[in-house]
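1. Show me the folded form of this:
(one chain, ligands or ions: 2)
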Amino acid sequence: MDQDYSQFFKVFRRVSKAIHTGENTHEILERIVENISEILEAKGCIFWIVDQGQKSIKNMISHGFSYRSLAEIDYATLMAIFDDRGEESVFIEDAMYDSRIPNLDKIGKKKVGSIQAVFFDIVRDYRGILAVYFSKTRKLTKGEHDILQALGEQGSIALQKSLSYDDKMLDTLKQMVEGFTLALEAKDEQTHGHSIRVAQYAKCIAQAMKLTAAQTETMYHGGLLHDIGKIGMNDHILERLGILNRKEMDIVKQHPVIGARILQPLVFLSDVEPLVMHHHERYDGSGYPEGLKGNDIPLGARILTVCDAFETMLAGRKHFAKMKLEDAIVNLQLGAGSQFDPEIVLTLFDILDLQPESAGFTRASCGCIGIHKRRLQNSLKRKTASLFI
Ligand SMILES: [Fe+2]
Ligand SMILES: [Fe+2]
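-> Ligands and ions are numbered 1, 2, ... in the order given. Presented below is the predicted three-dimensional model:
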């Protein structure tokens with residue numbers, strides 16, 4: 001253990017310095033989970049940040065497991081596994097035979113033996129769960145447990161700093177978001193108000209889908225920020241959207257990744273980041289940046305894709321005229337299942353049919369919606385029926 005302790009103290013000093021100098025919290029947490037894995041010779045280490053008030057996982061930093069597979073653990077499952085009942089830590093001797101661990105083959109349950117988790121209060125309802133996994137069954141020594149606890153506490157301090165900073169920054173941030181979107185949209189008269197309208201449609205759809213208040217707020221922020229990655233892009237390129245050459249198009253296609261990178265250090269907006277990252281994916285998998293398909297695309301991003309396209313069609317751009325509402329509706333219907341998640345298009349059609357005022361339309365302007373809604377419903381029924389033939 002002598003050697004482990006010297007490594008631990010080295011890591012501890014480095015992390016303390018990083019917190020003190022205000023380094024990026026996400027990177028500090030990445031360093032912590034990576035070092036815990038190394039020092040304790042573990043298979044993997046994960047730091048979850050949960051919001052017990054909103055009952056959601058706010059963020060997850062891991063080492064030794066892929067992000068995508070772990071993303072499948074939802075809040076309820078996570079809390080069921082690590083039900084601490086007021087204890088300081090939870091020890092699972094053998095994940096293979098423990099009824100709390102669901103049969104998630106994708107997280108490599110078969111390769112996981114013991115799990116040791118410790119818990120931390122952060123701020124407000126935020127709580128940290130730090131878990132270390134071993135490929136065999138193995139209990140931590142008292143010294144190893146102290147290492148886990150000490151580095152986890154360092155992570156919580158970094159988060160406390162960053163979250164209270166987020167609290168103070170929230171109002172400023174909202175103004176900044178507005179400023180960013182205004183600055184972005186000022187580049188082109190026709191994009192003026194685009195982000196706010198996308199945000200309003202996204203909020204309506206979230207409410208119609210009965211998402212929680214927190215998720216609805218996330219959708220609204222996602223709408224406001226979805227194109228934030230365009231902020232640093234050359235005006236010349238942005239003015240020519242629609243008639244770009246291949247090289248210019250490749251640059252524009254970077255904006256979801258750049259946007260996600262801008263938001264990454266802001267823990268408060270961690271739920272918004274994947275929506276920004278994936279708002280140009282297509283339901284059939286032919287979108288960008290990752291070519292995700294169907295339900296692999298985060299639900300919020302699928303909602304934004306519909307809202308983004310709908311608003312763009314209605315507002316028009318320099319290189320294509322604005323469409324009539326009915327033409328935009330027909331295009332959404334035609335793109336349902338290829339570009340768009342059909343259930344989300346149907347939800348938007350329901351809104352236009354039943355409560356058009358909530359999305360800023362009049363009942364008279366939405367007179368055509370009934371027929372297109374029935375067509376979409378029929379084509380969805382046909383697709384479902386064909387699955388059983
Ligand atoms: Fe975009
Ligand atoms: Fe957009």
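2. Show me what residue of the stretch 151-300 of the chain gets nearest to ligand 2.
-> residue 227 (4.4 Å; C-beta to the ion). For the C-beta atoms, the positions are set from N, CA and C on the backbone; glycine is no exception.
3. what sits against that residue?
-> Applying C-beta atoms under 8 Å, 6 or more residues apart in numbering to residue 227 gives the contacts 181, 184, 194-195, 255, 259.
4. and those as a markdown table, adding pLDDT, neighbour count and distance to ligand 2?
-> Below are these laid out as a markdown table (pLDDT from 0 to 100; neighbours: other C-beta atoms under 10 Å; distance: C-beta to the ion, whole Å):
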| residue | pLDDT | neighbour count | distance to ligand 2 |
| --- | --- | --- | --- |
| 181 | 70 | 25 | 10 |
| 184 | 69 | 21 | 10 |
| 194 | 89 | 21 | 6 |
| 195 | 89 | 25 | 7 |
| 255 | 93 | 23 | 9 |
| 259 | 90 | 23 | 10 |
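5. what's the most distant pair in those?
-> Taking C-beta to C-beta as the measure, the contacts of residue 227 span a maximum distance of 14.3 Å, between 194 and 259.
6. rewinding a little: now the contacts of residue 227 in CSV, with distance to residue 223 and secondary structure?
-> CSV is the format used below for the contacts of residue 227 (distance: C-beta to C-beta, whole Å; DSSP: H, G, I helix; E, B strand; the rest coil):
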residue, distance to residue 223, secondary structure
181, 10, helix
184, 13, helix
194, 9, helix
195, 6, helix
255, 15, helix
259, 13, helix
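7. closest to residue 75 among the residues you listed?
-> Each of those was scored against residue 75 by C-beta to C-beta, and residue 259 proved nearest at 25.6 Å.
8. and that closest one, what does it touch?
-> Neighbouring residues of residue 259 by C-beta under 8 Å, 6+ apart: 225-230, 276-277.
9. And residue 352, by the same measure?
-> 329, 359, 361, 366, 369.
10. so which of those is the most crowded?
-> For these, neighbours were counted using other C-beta atoms under 10 Å, and residue 329 has the most, 25 neighbours in all.
11. packing partners for the helix or strand that that residue is a member of?
-> According to DSSP states H and E, residue 329 maps onto helix 325-335. With contacts defined as 3 or more C-beta pairs under 8 Å, 6 or more residues apart in numbering; DSSP states H and E, helix 325-335 has these neighbours: helix 299-315, helix 342-354, helix 369-387.
12. what's the most buried one of the ones you listed?
-> By mean neighbour count, with neighbours taken as mean count of other C-beta atoms under 10 Å, helix 299-315 ranks first of the helices and strands packed on helix 325-335 at a mean of 23.
13. tell me what that one is packed against?
-> Helix 299-315 packs on helix 194-208, helix 213-225, helix 273-277, helix 325-335, helix 342-354, going by 3+ C-beta pairs under 8 Å, 6+ apart.
14. Let's see the pLDDT reported for whichever residue of the stretch 251-389 of the chain sits closest to ligand 2.
-> Closest residue of the stretch 251-389 of the chain to ligand 2, C-beta to the ion: residue 308 (4.3 Å). You'll see residue 308 listed with a pLDDT of 97.
15. Number of residues surrounding the nearest residue to it once chain neighbours are set aside?
-> Once flanking residues are discounted, residue 308 sits nearest to residue 198: 5.4 Å by C-beta to C-beta, 6 or more residues apart in numbering. Here the number of neighbours of residue 198 (other C-beta under 10 Å) works out to 29.
16. Just to check, residue 198 is in contact with residue 304?
-> Yes - with contact defined as C-beta atoms under 8 Å, residue 198 reaches residue 304; the gap is 6.8 Å.
17. which residues are common contacts for these two?
-> 223, 226.
18. State the distance from residue 113 to residue 126.
-> 30 Å (C-beta to C-beta, to the nearest Å).
19. Spit out the contact partners of the residue nearest the centre of the chain.
-> Geometric centre of the chain, nearest residue: residue 274, 3.2 Å, by C-alpha atoms, centre = their mean. Residue 274 makes contact with 260, 298, 300-301, according to C-beta under 8 Å, 6+ apart.
20. Residue 35 now?
-> By C-beta under 8 Å, 6+ apart, the neighbours of residue 35 are 7, 11, 151.
21. buried residues in the helix or strand hosting it?
-> Applying DSSP H and E as the criterion places residue 35 in helix 25-39. By 16 or more other C-beta atoms under 10 Å, the buried positions in helix 25-39 come out as 25-26, 28-37, 39.
22. Next: stretch 276-289.
-> 276-283, 287-288.
23. do the same with stretch 80-95
-> Buried residues in stretch 80-95 (16+ other C-beta under 10 Å): 81-82, 89-90, 92, 95.
24. pretty sure residue 122 contacts residue 160?
-> Yes - in this structure, residue 122 is within contact of residue 160 by C-beta under 8 Å, at 5.7 Å.
25. The two: who's more crowded?
-> Higher neighbour count among residue 122 and residue 160: residue 122, with 22 against 18, using other C-beta under 10 Å.
26. Tell me the pLDDT of residue 369.
-> 95.
27. let me redo that: residue 323
-> The predicted local confidence for residue 323 is 95.
28. three-state assignment of it?
-> Three-state assignment for residue 323 (DSSP: H, G, I helix; E, B strand; the rest coil): coil.
29. what does the stretch 101-250 of the chain have sitting close to ligand 2?
-> residue 227 (C-beta under 5 Å from the ion).
30. in the stretch 101-250 of the chain, which ranges drop under the pLDDT threshold?
-> Counting by pLDDT under 70, the stretch 101-250 of the chain has low-confidence residues at 103-110, 164-180, 183-184, 187-190.
31. re the thing from before, mind listing what the residue of the stretch 251-389 of the chain closest to ligand 2 touches?
-> Listed by C-beta under 8 Å, 6+ apart, the contact partners of residue 308 are 198, 226, 279.
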